[in-house]
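Participant: 3D, please:
(chains A and B)
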Protein chains: 2
Amino acid sequence: MCQKRIKRILSIQSHVSYGYVGNRAATFPLQLLGWDVDAVNTVNFSNHAGYRNFSGTKVTPAELNGMLDTMEENGMMGQSYILTGYIPGAESLSIVKRYIERIKRDSGATYLLDPVMGDDDRVYVNSDVIPVYKSMLYLADLITPNAFEVQLLTDIKLITKEDVQHALHILHTQYGVRNVVITSIGFGEDGCLSTIMSAHEHDTHTRQLQYPLIEGYYSGVGDIFSALLVANYEAATVDMKNCSEIDILTHATEKTVASIQAVLSNTRQYAAKILPADIDVDIDKDTDNKRRIERQRARELRLIQSQDELKHPVITHRATPFV
Amino acid sequence: MCQKRIKRILSIQSHVSYGYVGNRAATFPLQLLGWDVDAVNTVNFSNHAGYRNFSGTKVTPAELNGMLDTMEENGMMGQSYILTGYIPGAESLSIVKRYIERIKRDSGATYLLDPVMGDDDRVYVNSDVIPVYKSMLYLADLITPNAFEVQLLTDIKLITKEDVQHALHILHTQYGVRNVVITSIGFGEDGCLSTIMSAHEHDTHTRQLQYPLIEGYYSGVGDIFSALLVANYEAATVDMKNCSEIDILTHATEKTVASIQAVLSNTRQYAAKILPADIDVDIDKDTDNKRRIERQRARELRLIQSQDELKHPVITHRATPFV
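Facilitator: Sure thing, here's the model as predicted:
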């Protein structure tokens, strides 16, 4: 595919007024890295659902369709990249699919599909979106599921390395996805997490990036991950044009993980400073509602305060072959 | 008022997926300057109404009230600054007023009210918002009307310098607004525009900043103006704490105008490059719909490409006393 260097992306995700998830986590890092982000919001909420107390509305399928239709009529669909995240219903997702088919056909945009469905064995979308995601995978140039989302897409629970290889094989060959990044999986040494990168051209090449787990639960991490991966991937396709797809994907992922580790470390330090006694408490088990919400607030990502880490990540962990 | 250096702002304005007006024009510059922006959207549109072809929905007063209520319950109203822009109906505006009263009472936040009502003798809100804005002026620490909005608030048409002084007197003494910035007015040499700054402590001190007009109509300029003014004003209150209010306001405005002139100059250059024949055509009079929309797109503000100019404006024009 011809790589035009137009840094303009269509990002279809949620909006919250307070805090950083969905488009609120994706837009700023991309803008900071020089991208015009056309941000189509799938919900308009006060804050993310993890607070339990939240309000606002989901954009209806008809509204979503109307906005995308108008943008198409107005010639506003010439993006070089597309990114989709949290889209809460099958009908809206099917509408998004139809527009992405058209944009890809007309402008050859590169599409990063983040199949946001759940985490830690908990599904947070309607189960009818799962088959729609499966039917969309052929459109994606790059997908960024977590381990649980891989399981939802392939029906394989990722226990062993063979399970991962099997699931990747299904995604590459049965669904035709060229690049897969499994964002986080508990493989590796104690206290570590891994990200798995896999590129399929003639053969499949798979690598593992291992790094220390930063304790605590932070919302929106997957959303910055996919946003930064787009920016780093596009830059790598330009800077490394004689390299293999797996080398490009690996370099982009190493930069992305470096930025995210820095943001999480800054967030954890901030939370520890303002609520020192509570830093390692499991928020979800707290029965004091007010204190639980206060802890959630303290753990909102320190994106705005981490601009240097977003722009100039220092890579300290390198990927190795996944065997 | 005690100036805490918490760079967190509540910004209540419109959202568009494509282009830069309302919160889409305000959020990125503020974030770039280190501000956490809690962005409450008053509309969710595909693009701004200047394209004529647009779709999406206005947030209903009940939805707006629900989101602000939830944020209050969740302890998310501890902002140090508040910024309001386009709020399309009197009922929504009255709701916003009620929350701002409470936030100011509880946390002493500084409030910049941009009374977005119209421009060039054209009103683009329901006329019933005008009395609500008048009733809210007592809450504002700083307002940023254009010349037409001053007229709507004071019933004085700004023809002569005496008219301006009369209108400022009404805003300062009858409505109790401490700081007024009239964002643009056609006073000064040929081919120039002016911004008028006026601070009222015991006396009123008024200054005029004159700079060359950049030809062409660009949407969202007022929205970046008020956003940058917040950031530059807050910085000036810290850096110039022994200075008078008019000196602080003047310095903040000079920086703001310098950034905006640079953004407009970058935007005009870009539009001239991609549509060279059309740069000085009056968009609104174009009867070819497709070409008119293409021109609008070419004139979307080059915010993302002007980060250096937003962060480090070079002041080339200085204010002088307004006499």
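
Participant: contacting residues for the residue nearest to the spatial centre of chain A?
Facilitator: With distances taken as C-alpha atoms, centre = their mean, the residue of chain A nearest its centroid is A:S226 (3.2 Å). Applying C-beta atoms under 8 Å, 6 or more residues apart in numbering or on different chains to A:S226 gives the contacts A:26, A:83, A:85, A:112, A:114, A:144. The way it works is simple: take the backbone N, C-alpha and C, and place the C-beta from them, glycine included.

Participant: element containing the second one, please.
Facilitator: Assessed by DSSP states H and E, A:L83 sits inside strand A:81-84.

Participant: just the first one next, same as before
Facilitator: Under the criterion of DSSP H and E, A:A26 resides in helix A:23-32.

Participant: same check, this time on the fourth one
Facilitator: Element membership for A:L112, per DSSP H and E: strand A:110-113.

Participant: follow-up on the earlier one: format the contacts of A:S226 as TSV; extra columns: distance to A:H200 and pLDDT.
Facilitator: Listed next are the contacts of A:S226 as TSV, based on distance: C-beta to C-beta, whole Å; pLDDT from 0 to 100:
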residue	distance to A:H200	pLDDT
A:A26	26	98
A:L83	21	98
A:G85	23	96
A:L112	16	98
A:D114	19	98
A:T144	15	98
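
Participant: now the helix holding A:A26 against helix B:23-32, angle please.
Facilitator: Angle, helix A:23-32 to helix B:23-32, by axes from the mean of the first three to the mean of the last three C-alpha atoms, to 10 degrees: 70 degrees.

Participant: just for chain A, where's the confidence low?
Facilitator: Within chain A, the ranges that satisfy pLDDT under 70 run A:1-4, A:278-281, A:283.

Participant: close to chain B, is stretch A:227-245?
Facilitator: No - Stretch A:227-245 lies out of reach of chain B by C-beta under 8 Å from any C-beta of the partner chain, never closer than 12.2 Å.

Participant: can you give me the offset of that stretch from its chain's centre?
Facilitator: 16 Å (C-alpha atoms, centre = their mean, to the nearest Å).

Participant: And for stretch A:26-37?
Facilitator: 14 Å.

Participant: which secondary structure element contains the residue in the stretch 101-250 of chain A positioned nearest to chain B?
Facilitator: Going by C-beta to the nearest C-beta, chain B is nearest to A:A231 of the stretch 101-250 of chain A, at 12.2 Å. If you go by DSSP H and E, A:A231 is part of helix A:221-239.

Participant: before we move on, back to that, around the nearest residue to the residue nearest to the centre of chain A once chain neighbours are set aside, how many other residues sit close by?
Facilitator: Nearest-residue entry for A:S226: A:D114, 4.2 Å, with adjacent residues in sequence omitted and distances by C-beta to C-beta, 6 or more residues apart in numbering or on different chains. Using other C-beta atoms under 10 Å in any protein chain shown, the number of residues around A:D114 comes to 28.

Participant: A:D114 contacts A:V221, correct?
Facilitator: No - assessed by C-beta atoms under 8 Å, A:D114 is found out of contact with A:V221, at 11.6 Å.

Participant: picking up where we left off before, I'd like to know how far the residue nearest to the centre of chain A sits from A:L213.
Facilitator: 20 Å (C-beta to C-beta, to the nearest Å).

Participant: same thing with A:N232?
Facilitator: Taken as C-beta to C-beta, the span from A:N232 to A:L213 is 22 Å.

Participant: more neighbours, the two?
Facilitator: A:N232 (23 against 15).
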